[in-house]
Structures are given as C-alpha cells and as structure tokens.
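Asker: Just to be clear, the model below is a prediction. Sequence and coordinates:
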Amino acid sequence: MTDENRLISSNKRQNERENIALRPQRLSDITGQDKVRENLQIMLDAARNRKEPISHILFYGPPGLGKTSLAFVIANEMGANIRITAGPSIERAGDLAAILTHLKQGDILFIDEIHRLGRAVEEILYPAMEDFALDIVIGKGPAAKNVRLNLPRFTVIGATTRLSLLAGPLRDRFGARFRLDFYDQKAMAQIITRAAGLLKIGIEPEGTLEIARRARGTPRIAIRLLERVRDYAQTRADGVITGEVAIKALDLLDIDPLGLDDVDRRILRTIIEKFNGGPVGLSTIGASISEDSATIMDVYEPFLLQLGFLARTNRGRIVTRHAYTHLGIPIPDTPPQDEEISDQPPLF
Ligand code: ADP
C-alpha cells in the first residue's frame, strides 16, 4: 500500500480537498500547541504595534499538525495577503525571482516543503529574506552586470518535515522557529468536537474520545477518521457517532486502539521477524516492506517513536518491549540492549 492510499497517513492525499470550513481562521481557533500559540501571539502583537510585517517564521514537525493552518492564521491575524508555494514547485532561480517581484509590502510568502528548494533558488532567497533585495545578473559574458532590486518588506513562512535537511544559512534567516508536536488527547478531542460541530455531525463524547485515541495526535488524521466514521454511522447506524459506532467503524478500517494501521504493524513485525528486533537501518526496513525510506522517516516513524515502540540506536532502529507486548508477540530472552538507545538524529 502506498502512503497515498493509507487512511491514517498524515500526508495530504492527492485529490483530497482540504475541508476549507474546518481550517482555523484565528489564533483562538488553534487548539493545543500552547507554547507556539503564546509565542506567536507575542510576535503578532509586537508586529502590529510597530506596524511592521512579522518576522520570518519556520514551522517544522511531522505532516498534518497544522503548519499550513498556522501560516493562514498568521496572515489573517496580520490582515496580510498570503502567497502559497512549495519547494519542489520552484524549479529555477527565475521562478522565485518572479514570485518575489510580485509581492507587496506586508505580504506573506508561504513555502511548504522548504527543505526541497534547490541551491540556486536558495541563493536568491538569502538576500531577499535578509535585506529585502533581489540580486540579478543582466546580460551575458564580460558585459554582464549585477543589479540589486529592492523588494517590499514581506514575510517568509517556511514549513518542513525535515529540519535537518535545511541548509544552515537558510535556517538562520528565520527570526523564529517553532517545532510542532503531536497533540495530546484532550486537544485532539477538542479538535474533533469543533470539526463535528462545523460539519454538523452528531457525535457523543465516547465517540469523540475513541477517534481522538486512534488519530495519532494528528489533526489531519482526526478529521479524516471523523468523516469516515460519519459515513459508517449514517449507513450502518442511526447517524450519530456513539462510542460503539466509532469502535466498530475504526476496527473495520483496521486501525487499532492506538491508531496503528497495517503498515505500522508491518514495520514492527518486519524488524522483529526478519531482523530479530533490530538494530536495522531505515533503508533496509524500507526495502523489506517496499516503502520509500524517506516516507518511513517522515510519516510512519515519528509516531512509532512517540509511542515508544521504536527506538533509534547508533546502529539503526530497534523495536522495544512495548511493541512486542502491543502486538502480542513474546519478548525474546535477549531483547535489543536498552543502553544502545540514543537521542542522536538518525544517520541513515
Ligand atoms: P501541515 O501543514 O502541518 O501538514 P495542516 O495545517 O494542513 O498541516 O493541517 C491539517 C488540517 O488539520 C487542517 O486543515 C486543519 O483543519 C486541521 N488542523 C491542524 N492543526 C489544527 C489545530 N491546531 N486546531 C484545529 N485544527 C487543526
């Protein structure tokens, strides 16, 4: 199964129309991420007082946690226009130059997947972010001339799932960097309640909790599950999502009580069954289950790490005792050494 087809994938699926009605408009619509919210509120108040555009901001963290939503909220709160683009769509330096020259004072340029910008494009972005200037070369050969164009003061909001892939100089040009974490169950329940209200879905508190438990701390997944459970409630029950309806619908979708799906379980089982619980490199795991290792790292692994089912060691990933217990597999006599577990970012 590719990530695109995965119900609990936190990536935006192709053709998926993000439900615009659900998108938070103001900072007060954002649930959870308390520290990020508070810091943003201070930045917004200060920028508004000074009547200046807000500083460049970088959001990083797993997909579906609200990076794009926060960019829209900031634009709304600042009363600014927002232009949306993504690293892979800006192929040449000229593409970015064209975007920059169309910006107006105070505009926000949202660059999703900013770690995927090419080197030449980044070179244009540095002076644009730092000095609000665009350096262009006019003419060719010995007659070529460097010309510096002034740009209006604008704000770049970058989003990335992979901070480590961002070039140092680019990272440094952001006045603020915020890491988004998985949401706790209370915040998830609030997000589901809000979405159910906006979508006019009847849901009981037990139904909300059941979806909150299985949505991997990720709002995008919560909303997707809510819509699927609603379908079930409308066709197999009386339309209201009770606890029992939610359990039945989610079980039918093969999402277990902790939110793991078939792919998560395959990752864990493969490490246990083929590699004695690890350590094993990410690319080997990827090859064994026919998944791209970058996708495993961005989408699947963060939640398994968060649950404490997977751990990083200097020699690769290992499956922990908790995962054996969850999967109902007996823990071997010689489990992977706990002392090997490292907090270092993965090397492979
Ligand atoms: P990302 O850019 O990190 O992949 P998005 O901003 O696209 O994530 O969020 C996915 C969806 O989840 C949004 O459409 C929004 O409706 C919802 N969402 C995300 N974060 C929150 C939040 N903190 N509160 C309420 N809804 C949220």
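Answerer: Sure, I can see it. Numbers count the residues shown, from 1 in each chain.

Asker: pLDDT score for residue 307?
Answerer: Per-residue pLDDT puts residue 307 at 95.

Asker: got it, and the one 3 residues further on?
Answerer: Model confidence at residue 310, given as pLDDT, is 96.

Asker: wait, what's in contact with it?
Answerer: Contacts here follow CB atoms under 8 Å, 6 or more residues apart in numbering; on that basis residue 310 touches 267, 268, 271, 301, 304, 317, 318, 319, 320, 323. For every residue, glycine as well, the C-beta is placed using N, CA and C.

Asker: Which of the three states applies to residue 111?
Answerer: The three-state label given to residue 111 by DSSP: H, G, I helix; E, B strand; the rest coil is strand.

Asker: Spell out which parts of this structure neighbour the ligand.
Answerer: Residues of the chain lying close to the ligand (CB under 6 Å from any ligand atom) are 18, 22-24, 30-33, 63-69, 159, 191, 219-220, 223.

Asker: Could you chop the protein up by domain?
Answerer: 33-179, 185-252, 262-327 (automatic domain parsing).

Asker: so which of these comes closest to residue 333?
Answerer: Counting by CB to CB, residue 333 lies closest to domain 262-327 out of those; the figure is 11.4 Å.

Asker: follow-up on the earlier one: would JSON lines of the domains of the chain with distance to residue 333 be doable?
Answerer: What follows is those, written out as JSON lines (distance: least, CB to CB, whole Å):
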{"stretch": "domain 33-179", "distance to residue 333": "35"}
{"stretch": "domain 185-252", "distance to residue 333": "32"}
{"stretch": "domain 262-327", "distance to residue 333": "11"}
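
Asker: before we move on, back to that, among the residues of the chain next to the ligand, which ones are buried?
Answerer: Neighbour-count burial (16 or more other CB atoms under 10 Å) applied to these gives 22, 24, 30-33, 63-69, 159, 191, 219-220, 223.

Asker: Now do the strands in the stretch 101-250 of the chain.
Answerer: 108-112, 133-138, 145-150, 155-160, 176-179 (DSSP state E, counting those that start in this stretch).

Asker: Dump those to a markdown table, plus mean pLDDT and distance to residue 93.
Answerer: Formatted as a markdown table, the strands of the stretch 101-250 of the chain follow (pLDDT from 0 to 100; distance: least, CB to CB, whole Å):
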| stretch | mean pLDDT | distance to residue 93 |
| --- | --- | --- |
| strand 108-112 | 97 | 14 |
| strand 133-138 | 88 | 9 |
| strand 145-150 | 91 | 14 |
| strand 155-160 | 98 | 16 |
| strand 176-179 | 97 | 25 |
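
Asker: Any idea which of these gets closest to residue 98?
Answerer: Nearest of those to residue 98, taken as CB to CB: strand 133-138 at 10.3 Å.

Asker: Enumerate the sheet neighbours of the closest one, specifying parallel or antiparallel for every one.
Answerer: strand 145-150 (antiparallel) (DSSP bridges).

Asker: ok now the partner strand, how far from the chain's centre?
Answerer: 37 Å (CA atoms, centre = their mean, to the nearest Å).

Asker: Would you mind listing the outside residues contacting it?
Answerer: 101, 127, 132, 133, 134, 135, 136, 137, 138, 139.

Asker: what about the fourth one, neighbour count?
Answerer: Taking other CB atoms under 10 Å as the criterion, the count of residues near residue 133 is 15.

Asker: So that it lines up with my notes, have the first residue be 657 from now on.
Answerer: Okay, residue one is now 657; in that scheme the one you just asked about reads as residue 789.

Asker: what's the nearest residue to it if we skip its chain neighbours?
Answerer: residue 783 (4.8 Å; CB to CB, 6 or more residues apart in numbering).

Asker: Touching, that neighbour and residue 807? I think so.
Answerer: No. The criterion here is CB atoms under 8 Å, and residue 783 misses it with residue 807 at 9.1 Å.

Asker: Compare neighbour counts for those two and give me the winner.
Answerer: residue 807 (19 against 15).

Asker: The more buried one touches residue 786, doesn't it?
Answerer: No. Residue 807 sits out of contact with residue 786 when judged by CB under 8 Å, with a separation of 11.0 Å.

Asker: ok so, going back, out of the contacts of residue 966, which is nearest to residue 749?
Answerer: Closest to residue 749, out of all of the contacts of residue 966 and judged by CB to CB, is residue 957, at 33.5 Å.

Asker: Surely that closest one is in a helix?
Answerer: Yes. Counting by three-state DSSP, residue 957 is found in a helix.

Asker: Helix or strand for the most centrally placed residue in the chain, just tell me which one.
Answerer: Ranked by distance to the mean C-alpha position of the chain (CA atoms, centre = their mean), the top residue is residue 719 at 1.9 Å. Using DSSP states H and E, residue 719 sits in no helix or strand.
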